[in-house]
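In: output the structure for:
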Amino acid sequence: MKTLLITVILGFTGLAFGQQLPQYSQYSRNQFMINPAAAGMYDFLDITIGGRFQWVGFDNAPVTTYAYGSTVLKKKYQRYNPSIRTSAGSLIYPEVNTGKFKHAVGGQIVGDQYGAFRKISFSGTYAIHLPVSKNYNLSFGTKLGISNNSFLQDRAVVLSQSEGYTGPIYDDLAYNDFVADQSNLNFFDIGAGLYFYSKDLFIGIAADQLTRDMVKFGSGTANFDPRMQLNATAGYKIALNDRVKLMPSALLKMVPNTPLSIDASLQIEYQEKMWLGATYRYGDAAVIMLGACISEKFKFGYSYDFSISKLNNYNSGGHELVLGVMIGR
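Out: Residues are numbered from 1 along each chain as shown. The predicted structure is shown next:
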């Protein structure tokens, strides 16, 4: 029954459009994953590797793996200034650098599988950062890439094929079209973003799949219908004292003809090196998360999604694990 549900929900209904692009719970600490203009916020090679397992307990539930990396174009990396550490020996979260003009490049590899569909994306990113003042920068970023979209027939289940089903038999036209077309298509993807930020503030807006299916090639003719997605983010750190900061943030995701997705988050940061937080995703999930800088080179984050929709009866939540690698810090 769980296989049947996941196929119906993700494969052949309008809800599939909301899952065309991966969903991330740890967006506030990894802005480059959702906005190409955030590439180059730090003056070192910043690499993020992660995996997300959504709706654990469903057969063929969404699984996402990814690797993101970006760096500023310059001759030498700047070492982090140890004089601003809060205490001897402690390692704090890397500081955002503003007040100067800089260029940045990056790359992304994402594998996303949901129900009977799989998407593998490769893209490159360029961003330019303009100083608005000593403490604020405005950046513009663009992303160019290719995505391979596949239909996995062995993972699809229709009512007439499900074990124990005794109801009327219907002809699933969408299923028949995908099977007949041997569906495997590649799309040219363009994304763009705008990002305004300081050490304690970020405001961003980005768009993905701007070209939709205008440029495509491959062996199939099925309609994967890639849709443009807009997202907007904002967050601000509030110092409660010398050691503790609060950071409220929000993420809005907009896809044509689908409901608006809203994430509202609150994180508490201790000594700028450990954080704990929670997110409410309207109508979908409640999320808890934690993370820390574990060395000069590595940081990690973990989040657990608890479903609050009707799907809660059929799954045991979701997990997302992120590892950050900081080279040249």
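
In: show the backbone phi and psi for residue 29.
Out: Dihedral angles of residue 29 (phi, psi; degrees, to the nearest 10) stand at phi -100, psi 0.

In: for residue 240, see how far away it is.
Out: The span separating residue 29 from residue 240 equals 19 Å under the rule CB to CB, to the nearest Å. To be clear about C-beta, it is placed using only N, CA and C from the backbone, and glycine gets the same treatment.

In: okay, those two: which has more neighbours?
Out: It is residue 29, of residue 29 and residue 240, that has more neighbours when counted by other CB atoms under 10 Å, with 23 against 10.

In: pLDDT at the residue nearest to that one when sequence neighbours are not counted, what is it?
Out: Nearest non-adjacent residue to residue 29, counting by CB to CB, 6 or more residues apart in numbering: residue 301, 5.9 Å away. Looking at residue 301, its pLDDT reads 96.

In: quick one: low-confidence ranges for the chain?
Out: 1-19, 75-91, 155-182, 220-222 (pLDDT under 70).

In: coming back round to it: pull up the pairing partners for the helix or strand the residue nearest to residue 29 falls within, direction included.
Out: In this structure, residue 301 is located in strand 298-307 according to DSSP states H and E. Paired with strand 298-307 in the same sheet, following DSSP bridges, are strand 285-293 (antiparallel), strand 318-327 (antiparallel).

In: list the buried residues for that strand?
Out: 299, 301-305, 307 (16 or more other CB atoms under 10 Å).

In: ditto for stretch 235-247
Out: Residues 235, 237, 245, 247 are the ones in stretch 235-247 that count as buried (16+ other CB under 10 Å).

In: would you map the strands across the stretch 201-329 of the chain?
Out: Secondary structure of the stretch 201-329 of the chain (DSSP state E, counting those that start in this stretch): strands at 201-208, 216-218, 229-236, 238-239, 244-254, 261-270, 274-281, 285-293, 298-307, 318-327.

In: also the stretch 51-200 of the chain?
Out: Going by DSSP E, counting those that start in this stretch, the stretch 51-200 of the chain shows strands at 63-72, 102-114, 117-131, 137-151, 184-197.

In: if we can go back for a sec, looking at the strands of the stretch 201-329 of the chain, which is nearest to residue 127?
Out: strand 201-208 (11.2 Å; CB to CB).

In: mind checking how far the closest one is from the chain centre?
Out: Strand 201-208 sits 13 Å away from the centroid of its parent chain (CA atoms, centre = their mean, to the nearest Å).

In: this completes my enquiry, with thanks.
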